[in-house]
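Chemist: Here's my sequence, what's the structure:
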Amino acid sequence: MAVQEWIYTVLNYFHKDGRFNRVTLGLSSKSSLILRWRFTDVVLVLILIVAYSATYYIQPFERQFYINDLTISHPFAEVERVSNTYLFLYAVWVPGMLISVLSLIFTKPKNKVYNTYIALLGLGISVLSTSVLTDVLKNFIGRHRPDFLSRCIPKEGTPENVLVFAKDVCTTKNLERLRDGFRTTPSGHSSLSFAGLYYLSLWLAGQLVITNEYVGSWRSVVSFLPSLGAALIALSRTEDYRHHFVDILIGSIIGITIGYISYFRLFPEISHAKSYNPILVNNEEHDEMEEVTYNRIDAEV
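Modeler: As a prediction, the model looks like this:
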């Protein structure tokens, strides 16, 4: 009987005295501040940073291959059109700087810091989540890059039309380059560029209220430009023979999906009258207006 009572007490701990709340998870009355500033999302960002630092170094699954497979016989490009350094510049730092500057300039004083903070937090979650997911998939799928044989340098006499392992036939001394040859699907340049630049497109569309009937079409064009840049970065990977087209497609879908979710979790629909404000700011302003209206009605009565 004592055991049953103990189990009942544990299972119903959060439900005593109205303690449990699915939003606050039983936190104190100060939890509204924690929720408003989304401190749990900050913790998530920190976790994702650690995860990102570790996932790339997971050893990829090494699939068998044919040495006469034409799809993996392209030359290795020593100089990439968009290097990893420039990828992070275009997909992370440029959106971050634009969001910071424009938000601080155009947002009304009361919400400058908060709106900028929320927009940057969403960007961080978008690019970090995408990066971690992409690297995990790359290592588990283990598909060969289009330039894999140039990385491998198969030894002479390796039979054609016979599946072989890299460890048995590759003569290259650059093992890191060889291992990276198994990380083609999905394309990290594609997923990361859309996670950052598509997110920026959505943010610009909201800030420029492009669905308002009085604004010019140039605002829609400006909002679309970051997404166009992401598409060009993605396509450059086929020009460097770093990825197959299907890698580009899968990576782009991942980046667009996570960017979309990350943005609309924090901001209202683009068609919203105040699409430039985070959802919580709009809710607070709505509550303030209702309170003023009720006070006016009470005064009149």
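Chemist: Please make it C-alpha for all contacts and neighbour counts, starting now.
Modeler: Will do.
Chemist: Break down the stretch 101-250 of the chain into its helices, ranges please.
Modeler: For the stretch 101-250 of the chain, the helices defined by DSSP state H, counting those that start in this stretch occupy 112-141, 148-152, 166-169, 175-180, 188-207, 218-239, 245-264.
Chemist: what about these, which gets the closest to residue 39?
Modeler: Nearest to residue 39 among those is helix 112-141 (10.0 Å), distances taken as Cα to Cα.
Chemist: where does the chain dip in pLDDT?
Modeler: Applying pLDDT under 70 to the chain picks out residues 1, 13-31, 286-301.
Chemist: Check the gap between the residue most central in space within it and residue 188 for me.
Modeler: The centroid of the chain falls nearest to residue 126 when counting by Cα atoms, centre = their mean (2.6 Å). Look at residue 126 and residue 188: by Cα to Cα, to the nearest Å, they are 13 Å apart.
Chemist: again, but for residue 95
Modeler: Counting by Cα to Cα, the gap from residue 95 to residue 188 is 17 Å.
Chemist: Ok, residue 252 next?
Modeler: For residue 252, the distance to residue 188 equals 9 Å [Cα to Cα].
Chemist: Can you tell me which of the helices of the stretch 101-250 of the chain is packed in deepest?
Modeler: Highest mean neighbour count among these (mean count of other Cα atoms under 10 Å): helix 188-207, with a mean of 29.
Chemist: Would you mind getting the angle between that one and helix 245-264?
Modeler: With axes from the mean of the first three to the mean of the last three Cα atoms, to 10 degrees applied, the angle from helix 188-207 to helix 245-264 works out at 30 degrees.
Chemist: orientation of helix 188-207 relative to helix 112-141 in degrees?
Modeler: 150 degrees.
Chemist: Run the chain-centre distance for helix 188-207.
Modeler: When C-alpha coordinates are averaged (Cα atoms, centre = their mean, to the nearest Å), helix 188-207 and its chain have centres 9 Å apart.
Chemist: With just CA atoms, put it into CSV.
Modeler: Extracted C-alpha coordinates of helix 188-207, given in CSV (Å, rounded to 0.1, in the frame of the first residue of the first chain):
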residue,chain,number,x,y,z
GLY,A,188,25.6,21.0,-46.6
HIS,A,189,26.1,24.2,-48.7
SER,A,190,22.5,23.9,-50.0
SER,A,191,20.9,23.2,-46.6
LEU,A,192,22.8,25.9,-44.7
SER,A,193,22.5,28.6,-47.4
PHE,A,194,18.7,28.2,-47.4
ALA,A,195,18.5,27.9,-43.6
GLY,A,196,20.1,31.3,-43.3
LEU,A,197,19.1,33.1,-46.5
TYR,A,198,15.6,31.8,-46.9
TYR,A,199,15.0,32.7,-43.2
LEU,A,200,16.3,36.2,-44.1
SER,A,201,13.9,36.4,-47.1
LEU,A,202,11.0,35.6,-44.8
TRP,A,203,12.2,38.2,-42.2
LEU,A,204,12.6,40.9,-44.9
ALA,A,205,9.1,40.1,-46.3
GLY,A,206,7.6,40.6,-42.8
GLN,A,207,9.6,43.7,-42.1
